[in-house]
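>>> A structural model of the following input is requested.
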Amino acid sequence: MSEPSPALPARRGLFVLYLLIALALLSAGYLFSDKLSLLLHHIEDGVRLMGPAAPFAMAAVCGIWGTLCLPGPLLQGAVATMFSTTPWIALSVVVVGEMIAQATSFMLARHWGRERVRERLSGQAWFGRLETQTELRGVQGVFLFRLMPFFPNALASYAFGLSRLQFIPYLVASGLGSIPKMVLYIFGTTSLVNWLRSGAISPRTLVVAVVVMILVTALARRWQRRLRREIADGT
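All right, here's what the predicted structure looks like:
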């Protein structure tokens, strides 16, 4: 019998952290609904004052944030809050920002810091599996790793830069694999924000978030089981 992956406790810890944050927001919304509603209106007014530059500025912030390996869901939640009345704009902002970060991290690792990146990542439990699966599956492996929930995506972008993957295929697969989770974060957050503002949740937005969550979870679990079997078989 294969032993559990040492990366699992860290991923469970992230899940618990994000769950606690969500519960804290729900509790705050229930206890301080009037004040939070007013705050949300002030945030929307600030975004409107920025005009058309707001999405581009936030996309740049997201790109820098991801390159620095800061927690992505936190900033994505902030973007969803800023553009809660236009979730598709929020999604576009985080997708562009995420792809900027993924491209920048990949190129930094490939051309300017290979040894430092390898030394930094060699102690990570997931790094060896990522290298093996990327070598075996190429861009398919990139796509599947991006689908996995609570996976360290920012650090993985640097790890992919150490591989023999070509840049454009990597970026396409990486971006496509990241979109489902970003849809979940954005539409889930906008549903929460709209509930805090008006006490009502858009059924359409909620359905999108739930469907994506189910699909991503199912695909990720299937991929994880397959990966564990291959590791146990030594392939």
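>>> C-alpha only now, for contacts and for neighbours.
Noted.
>>> so Thr190 is in contact with Met82, correct?
No: using Cα atoms under 8 Å, Thr190 is not in contact with Met82, being 9.2 Å away.
>>> the more surrounded of these two?
The residue with more neighbours, out of Thr190 and Met82, is Thr190; 29 against 26, by other Cα atoms under 10 Å.
>>> skipping its backbone neighbours, what lies nearest the more buried one in space?
Ser84 (4.9 Å; Cα to Cα, 6 or more residues apart in numbering).
>>> and the one you found, how many neighbours?
With other Cα under 10 Å as criterion, Ser84 counts 24.
>>> buried sites along stretch 63-72?
By 16 or more other Cα atoms under 10 Å, the buried positions in stretch 63-72 come out as 63-67, 69, 72.
>>> in TSV: those residues, plus secondary structure and distance to Val94.
Below are those laid out as TSV (DSSP: H, G, I helix; E, B strand; the rest coil; distance: Cα to Cα, whole Å):
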residue	secondary structure	distance to Val94
Gly63	helix	8
Ile64	helix	12
Trp65	helix	11
Gly66	helix	10
Thr67	helix	13
Cys69	coil	15
Gly72	helix	9
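>>> among those, which one sits closest to Gly97?
Within the buried residues of stretch 63-72, distances to Gly97 taken as Cα to Cα reach their minimum at Gly63, with 4.3 Å.
>>> which residues does the closest one contact?
Listed by Cα atoms under 8 Å, 6 or more residues apart in numbering, the contact set of Gly63 reads 96-101.
>>> can you give me the helices in the protein?
Remark: helices assigned in the chain by DSSP state H are 8-31, 33-50, 53-67, 72-82, 87-111, 114-121, 127-137, 139-147, 153-161, 167-198, 203-233.
>>> least reliable of those going by mean pLDDT?
Lowest mean pLDDT within the helices of the chain: helix 8-31, a mean of 60.
>>> burial count for Leu147?
Neighbours of Leu147 using other Cα under 10 Å come to 25.
>>> shouldn't it be in contact with Gly177?
Yes: the criterion here is Cα under 8 Å, and Leu147 meets it with Gly177 at 5.3 Å.
>>> picking that back up, distance to Phe56 added to the buried residues of stretch 63-72, as CSV?
Below are the buried residues of stretch 63-72 laid out as CSV (distance: Cα to Cα, whole Å):
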residue, distance to Phe56
Gly63, 11
Ile64, 13
Trp65, 14
Gly66, 15
Thr67, 17
Cys69, 20
Gly72, 17
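>>> of these, closest to Leu20?
Gly72 (16.3 Å).
>>> how near is the closest one to Met50?
Per Cα to Cα, to the nearest Å, Gly72 is found 23 Å from Met50.
>>> ditto for Cys62
From Cys62 to Met50 the distance is 17 Å (Cα to Cα).
>>> looking at those two, which one has more neighbours?
Between Cys62 and Met50, Cys62 has the larger neighbour count (other Cα under 10 Å), namely 26 against 11.
>>> surely that one and Gly97 touch.
Yes: in this structure, Cys62 is within contact of Gly97 by Cα under 8 Å, at 4.6 Å.
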